[in-house]
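Chemist: Coordinates only, no sequence provided:
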Ligand code: 4AD
Ligand code: MG
């Protein structure tokens, strides 16, 4: 509807202004609006996602998401990064072949991108510091609070950079996101009932670092994970325990090579490890960032590509990046919706994206 009236300052209003209404004109009538204040089941709400977006909580979450996107561009511009757009249709599978969306590309096979990283590496060799930001796809058969089939990822890649410097950028970026949401989304955080004091703790740097070896010891010493042994990947309960232990986002560094992708650089003194880090968010939100140093030796990389069961001819260009002058480089990927879910304090990732693609859901 159109509302006509005089606007005046009023401190009682959250926005600082009120309108003294003189006239209201209804421009679009609505009969029996399906979403009412009563409790609706999740399936009903998801079936009406196109309308559900109008409710105050969904409105607030999307505003926070928008602020995080805005702050992302500001942060990487201020840090001297160039945005480089990676393709969505691709022939490569950086994060493993089991979760690929297959499609046809005229007379050959193609996949929907799982990650823009390999292209970001080409960009880092040309521009020094780049980031990609786009939709990524994983045909994951997992139905959890943390998994989407289609999600947006921010992937910075930096030339002449080792792990520690990359971790410093990661924590600075995450603290910047939290700070900007605090500064610009006060009203939205109130709607969401998100505790601002808790968020403020996450702007305090540095974030703790713990090695994978130490993380395993912590989990074993807790008595809560009797079956956890060295070499295991962490599930959601392990990640929650570790992050709660530190009450801040925590980096778990240098995981076993066997559970990480082919492109990661091996540890110089521990052959069973790679130089990598996952950032785990507190309050049970789990991994929000995955990153690593990259293998720079074309011979070793070629062997890893073969070992991963990938077709070498699809990676010749990626090997060229090493053959024709490579430098130490590192990068990472932040899952936007994981970070939005955490910062807004929501319980399920489906609320962090306007139209979530979930296992068995592609409507609306
Ligand atoms: O740890 P991942 O798989 O790392 C990569 O894709 C690297 N290529 C990143 C890089 O080094 N450039 O994914 C990175 C992040 C995760 O930490 C998580 O936040 C998010 O992407 N993510 C998902 N978010 C929602 N749904 C899923 N199914 C996700 N899978 C990963
Ligand atoms: Mg990961």
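Modeler: Great, that's in hand. What you see is a predicted model; the values in this text were computed from it and never measured. Ligands and ions are numbered 1, 2, ... in the order given.
Chemist: Specify the local secondary structure of the residue in the stretch 151-300 of the chain that ligand 1 sits nearest to.
Modeler: When scored by CB to the nearest ligand atom, the stretch 151-300 of the chain has residue 290 as its residue closest to ligand 1, at 2.5 Å. Any C-beta I mention is one placed from the backbone N, CA and C, and that applies to glycine too. Of the three states, residue 290 takes strand under DSSP: H, G, I helix; E, B strand; the rest coil.
Chemist: That one touches residue 278, doesn't it?
Modeler: Yes - if you go by CB atoms under 8 Å, residue 290 and residue 278 touch, sitting 5.2 Å apart.
Chemist: What are the neighbouring residues in contact with the residue of the stretch 151-300 of the chain closest to ligand 1?
Modeler: 276-278, 332-333 (CB atoms under 8 Å, 6 or more residues apart in numbering).
Chemist: need the residues of the stretch 101-250 of the chain near ligand 1, please.
Modeler: For the stretch 101-250 of the chain, the residues in contact with ligand 1 (CB under 6 Å from any ligand atom) are 115, 117, 138, 140, 147-148, 151, 153, 155.
Chemist: Sort out for me which of these are in strands.
Modeler: Taking DSSP state E, the ones among these that sit in strands are 151, 153, 155.
Chemist: Tell me how many other residues crowd the second one.
Modeler: Residues near residue 153, counting by other CB atoms under 10 Å, number 24.
Chemist: Tell me the bridge partners for it.
Modeler: residue 134, residue 335 (DSSP bridges).
Chemist: is it true that it touches residue 116?
Modeler: Yes - Residue 153 lies in contact with residue 116 (CB under 8 Å); the separation is 7.1 Å.
Chemist: okay, and the common contacts of these two?
Modeler: Joint contacts of residue 153 and residue 116 (CB under 8 Å, 6+ apart) are 132, 134, 136.
Chemist: The last one: which element?
Modeler: Residue 136 is part of strand 129-137 when elements are defined by DSSP states H and E.
Chemist: What residues sit buried inside stretch 183-193?
Modeler: Residues of stretch 183-193 classed as buried by neighbour count (16 or more other CB atoms under 10 Å): 184-185, 188-189, 191-192.
Chemist: Could you pull up the mean pLDDT of it?
Modeler: Regarding stretch 183-193, the rounded mean pLDDT is 98.
Chemist: what sits up against that stretch?
Modeler: Under CB under 8 Å, 6+ apart, the answer for stretch 183-193 is 14-15, 56-57, 59-61, 63-64, 67, 181-182, 196, 199, 344-346.
Chemist: let's go with 10 Å and repeat that
Modeler: 14-15, 56-68, 70-71, 181-182, 194-196, 199, 343-346 (CB atoms under 10 Å, 6 or more residues apart in numbering).
Chemist: So which elements touch the strand holding residue 136?
Modeler: If contacts are counted by 3 or more CB pairs under 10 Å, 6 or more residues apart in numbering; DSSP states H and E, strand 129-137 sits against helix 56-78, strand 82-83, strand 108-112, helix 117-127, strand 150-159, strand 329-335, helix 336-344.
Chemist: Parallel or antiparallel, list what pairs with the third one.
Modeler: What that stands for is strand 108-112. In the sheet, strand 108-112 lines up with strand 89-90 (antiparallel), strand 102-105 (antiparallel) (DSSP bridges).
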